[in-house]
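> 3D, please:
(one chain, ligands or ions: 1)
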Amino acid sequence: MTTQFQRIVDISLELDPKNFAMRTPAGFTKDMQFEMEVIKEHDLPGGAGQIVRGMHMRLHAGSHVDAPEHNVRGGTQIHQLPLDLFISDAVIADLRDKMPGRAITEKDLQKRLDNRIRKGDRLLLRTDHNNSYDGGSDRWMKESPYLTIAATMWCIEKGVVIVGYDFYHGNDEPGAPRVFHNSRTLSEHGVITMPYLKNLDQIDSDRFTLVGLPLKLIGAEASPVRAVALL
Ligand SMILES: [Zn+2]
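This is a model prediction of the structure:
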C-alpha cells in the first residue's frame, strides 16, 4: 500500500521554552515547564566533539496525545494503543465563529460535518486560536470555546477516535458536573485527545490523512507527537 499525498501541512505547535508554558494547578508534586539544557558542549576538554542537550517537559507539552489513562485510573496507556489510530482519515470542523469563548453545540457539529464524517474518523476542531498562541495566558484560555456535553457525546456516538484542538481543550460548558468533564468523558469512551494543534487554516481538503505518532513510551498516559496533515 502506498500513501499518496501532494502536500504536508505541519499542524504542530512549536516547543519553544520562550513561548510555551503550562498551568500547574493543585495536586502536582512539582512544576515541570518545558526547558532544554546543554549537558555537554562541543569543545569540552577531553570531550568527543559532540553537543548534547536534555529536556524537561511534561508529556503534555505542545502537540500531544492523551491516552485514556490520563483521565481514567487503570485506563489504556500509550504503548497499548494501535499505531493505525495515529495514521488515518481525518476531517476538520470550521468553528471560527465560536471565538471568543462560545459554545460548540451538537447542532454546530452536525451542520458542519454530518455529510462528511464517518465512523472511525479523526476530528480536528478549527478556530485558528493557536495560530497566535501567546504562551498559554489567562486570555488564551478564556477566549477558547468549549464543547457542550451533548457535542462531546455526539463525537462519541459518531465513532470519532481522536479529537484534536487548536485552542485550550480544558474548558467545559457552565454547570458541567465535574472539572475537565469533556476530556474525561472522551477518555472514558476510549477516545484519544490531541491538543495544542495549529495551522488548521492550511488544510483545504474535506478529508485528509492525519499523522501524529506517539513516542514508544512504556507505561505513560500521554506522549508528544509531531502532528501533520497529508493532503
Ligand atoms: Zn494532555
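> Ser183 and Asn71 touch, don't they?
Yes. At 6.0 Å, Ser183 counts as touching Asn71 under the criterion of Cβ atoms under 8 Å. Where you see a C-beta, it was placed from the backbone N, CA and C, and this is true even at glycine.
> quick one: which of the two has more around it?
Set Ser183 next to Asn71 and count neighbours by other Cβ atoms under 10 Å: Ser183 wins out with 23 against 17.
> That one should be in a helix, yeah?
Yes. The assignment for Ser183 is a helix, going by DSSP: H, G, I helix; E, B strand; the rest coil.
> So out of everything in this protein, what residue is nearest the ion?
With distances taken as Cβ to the ion, the chain approaches the ion most closely at His60, which sits 3.5 Å away.
> hey, what's the residue nearest to Thr193 when sequence neighbours are not counted bridged with?
Sequence neighbours aside, Asp66 is the residue nearest to Thr193 in space, at 4.6 Å (criterion: Cβ to Cβ, 6 or more residues apart in numbering). Following DSSP bridges, Asp66 is listed with bridge partners Thr193, Ala222.
> sorry, back to before: tell me the secondary structure for the residue of the chain closest to the ion?
With three-state DSSP as the criterion, His60 reads coil.
> Around it, how many other residues sit close by?
A total of 17 residues lie near His60 under the criterion other Cβ under 10 Å.
> how close does it get to Leu200?
Distance of His60 to Leu200, computed by Cβ to Cβ, to the nearest Å: 20 Å.
> isn't the residue of the chain closest to the ion right up against Asn71?
No. Assessed by Cβ under 8 Å, His60 is found out of contact with Asn71, at 11.9 Å.
> quick one on the thing from earlier: check whether the residue nearest to Thr193 really touches Val191, as I assumed.
No. Proximity of Asp66 to Val191 does not meet the contact threshold set by Cβ under 8 Å, at 9.6 Å.
> who touches both of those two?
With contacts taken as Cβ atoms under 8 Å, 6 or more residues apart in numbering, Asp66 and Val191 have no neighbour in common.
> out of the two, which sits in the busier spot?
Neighbours were counted for Asp66 and for Val191 using other Cβ under 10 Å; Asp66 has more, 25 against 20.
> returning to that earlier point: residues in contact with the residue of the chain closest to the ion?
By Cβ under 8 Å, 6+ apart, His60 lies in contact with Met22, Asp66, Pro195, Ala222.
> Rebuild these as TSV, extending it with distance to Gly170.
What follows is the contacts of His60, written out as TSV (distance: Cβ to Cβ, whole Å):
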residue	distance to Gly170
Met22	11
Asp66	11
Pro195	8
Ala222	14
